[in-house]
Structure formats: C-alpha cells, structure tokens
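> the following block contains a protein sequence and its predicted model.
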Amino acid sequence: AQKVTQTQTSISVVEKTTVTMDCVYETRDSSYFLFWYKQTASGEIVFLIRQDSYKKENATVGHYSLNFQKPKSSIGLIITATQIEDSAVYFCAMRPYQGGRALIFGTGTTVSVSP
Amino acid sequence: GGIITQTPKFLIGQEGQKLTLKCQQNFNHDTMYWYRQDSGKGLRLIYYSITENDLQKGDLSEGYDASREKKSSFSLTVTSAQKNEMAVFLCASSPGTGGNQDTQYFGPGTRLLVL
C-alpha cells in the first residue's frame, strides 16, 4: 500500500521558536518525490518545499527545511523563527515514481503560533 | 508567475442534481488535476489530465466526469449530487514531469454543499 501518515494532529508554539512536524510514508517504489504544502485559514494551498528521494542533502527554502531519513521512510518539516502567519495546516504528500502523477496526501498537522 | 481560477467559489445543489465546476490556469502548464478535500482530511485525487483531451482516473473518480477542453481549462462534473454532501474541490496544475516539473500548484477551491 502507498500511504502518507502524519500522526501529530496539532502543535502549538510561541512566535520566534522552532516547530518540527513528522511525516512517514509507505511506497513500493525505489524512487519517489516528497512535498510539503501549507493550507491557510482562507483555504489557500501553497507549495513550500520538496525532497526527491535520490538526493541525500536535506532541502532548505527560506525558513523551511526538511529532515529526510530514508531508512525510516520519514520526511520531517522544520520551521525556524516562526511567525504568527505560519499558523496553518501543513500537509505532507508523496508522489511515487510509478503510478501516474497523483499526490498522496497525509491528513495534515495544524500549527498554531502565538505571540 | 501565473494563477489558477476556480468557479464558482461556492456551489449549493440539490440531491441528484448534475453540477459542474470549472478551473482555468494561465501558467501554460501541461498537467491539471482535480482533488476533493473533506473536513479534517487530506486531499484525494479524482481525475487528472496530462494534455488537452486526455483524462486519467484517480482513486475517487466514481460519481464524477471530467473534461479537458483546452490546455488552460479543466472541468469537473458531479454526475448526481449526494444529499448532505459537503466538500471542497481543489484544482491544481503542474508543468509536466521530471525534475521540478511535477510540483503542483493549487487553485482557491470550490466549496460544495448539497441540500
């Protein structure tokens, strides 16, 4: 089965601190692509960052970075220096190399950043 | 840059009614997608299209039809709306495949309520 699991339903942090979110995935494919998206309160879904499975270096974009642990089938998202506007639902998604172009999404983690 | 437009923003229908949702993108992307999001859940793929007049079924295609009339537009039809159905339908597009070509960008969504 191909599946993405986000076990943390919600996380609360104080502004300017670091938040880490977990995501584990299952796939039969040796190559695959991992993504993190952010859904704001208005419902807008924004692409944040991606990790291709063949790349050993963890991806970093702005204050988003990934903790890719391939042997554990894990792709964590780290947000440093959080801001109030980072409050959102964060979705992890996977696209296996085979089987079309569908993204398989996790159920999301709600992050609340308070002053 | 570009934008994805979805119409209508809100759609209220009656049980058994056929309802059509529309999506337009000006990214000049090859591939377009329709996802469904139910409250508190991740997104699930209904249909996608890799080029004009192409259609590929996702896991959730039963009860839906789709049409890729031209490169920039992708329509989804709910063939028979189910009573008390409530969901958000999200359109997305990606440039193609390979490298960063498969990163998907999302529209603002159409919120469906069936009375």
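Okay, I see it.
> how about the contacts made by the closest residue to B:F106 other than its chain neighbours?
Leaving aside its sequence neighbours, B:F106 sits nearest to A:I45 (Cβ to Cβ, 6 or more residues apart in numbering or on different chains; 3.9 Å). Using the backbone N, CA and C atoms, a C-beta is placed for each residue, glycine as well. Counting by Cβ atoms under 8 Å, 6 or more residues apart in numbering or on different chains, A:I45 touches A:37-39, A:91, B:90, B:106, B:109.
> reformat the residues you listed as CSV; add distance to B:C23, secondary structure and neighbour count.
Below are the contacts of A:I45 laid out as CSV (distance: Cβ to Cβ, whole Å; DSSP: H, G, I helix; E, B strand; the rest coil; neighbours: other Cβ atoms under 10 Å in any protein chain shown):
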residue, distance to B:C23, secondary structure, neighbour count
A:Y37, 18, strand, 26
A:K38, 21, strand, 21
A:Q39, 18, strand, 21
A:F91, 20, strand, 26
B:L90, 9, strand, 25
B:F106, 10, strand, 21
B:G109, 10, coil, 23
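> just the pLDDT at residue 2, thanks.
Using chain A. On the pLDDT scale, A:Q2 is placed at 86.
> ah, I was thinking of chain B
Listed pLDDT for B:G2 reads 88.
> and the gap between it and A:F47?
Plainly put, B:G2 is 13 Å away from A:F47 if you go by Cβ to Cβ, to the nearest Å.
> who has more neighbours, those two?
A:F47 (17 against 11; other Cβ atoms under 10 Å in any protein chain shown).
> ok so the more buried one is a helix residue?
No. Under DSSP: H, G, I helix; E, B strand; the rest coil, A:F47 sits outside any helix and is assigned strand.
> okay, and the beta partners of it?
Beta-bridge pairing of A:F47 under DSSP bridges involves A:Y37.
> tell me if I'm right that it and A:Y64 touch.
No. The criterion here is Cβ atoms under 8 Å, and A:F47 misses it with A:Y64 at 10.7 Å.
> sorry, back to before: and which of the contacts of A:I45 is nearest B:Q14?
B:G109 (21.2 Å; Cβ to Cβ).
> which ones are touching that closest one?
For B:G109, the contact set (Cβ under 8 Å, 6+ apart) comprises A:43, A:45, B:6, B:9, B:37, B:88-91.
> returning to that earlier point: who touches both of B:G2 and A:F47?
Shared contacts of B:G2 and A:F47 (Cβ under 8 Å, 6+ apart): B:Y105.
> the closest residue to B:I3 other than its chain neighbours: how many residues sit nearby?
Leaving aside its chain neighbours, B:I3 sits nearest to B:N26 (6.0 Å; criterion: Cβ to Cβ, 6+ apart). Other residues near B:N26 come to 12 when the count uses other Cβ under 10 Å.
> dihedrals phi and psi, B:N26?
phi -120, psi 20 (degrees, to the nearest 10).
> thought it was touching B:K71?
No. Between B:N26 and B:K71 there is no contact under Cβ under 8 Å: 10.3 Å.
> what residues does chain B have near chain A?
Contact residues, chain B versus chain A (Cβ under 8 Å from any Cβ of the partner chain): B:31, B:33, B:40-45, B:48, B:50, B:56, B:58-59, B:88, B:90, B:94, B:97, B:100, B:102-106, B:108-109, B:111.
> perfect, I'm done here.
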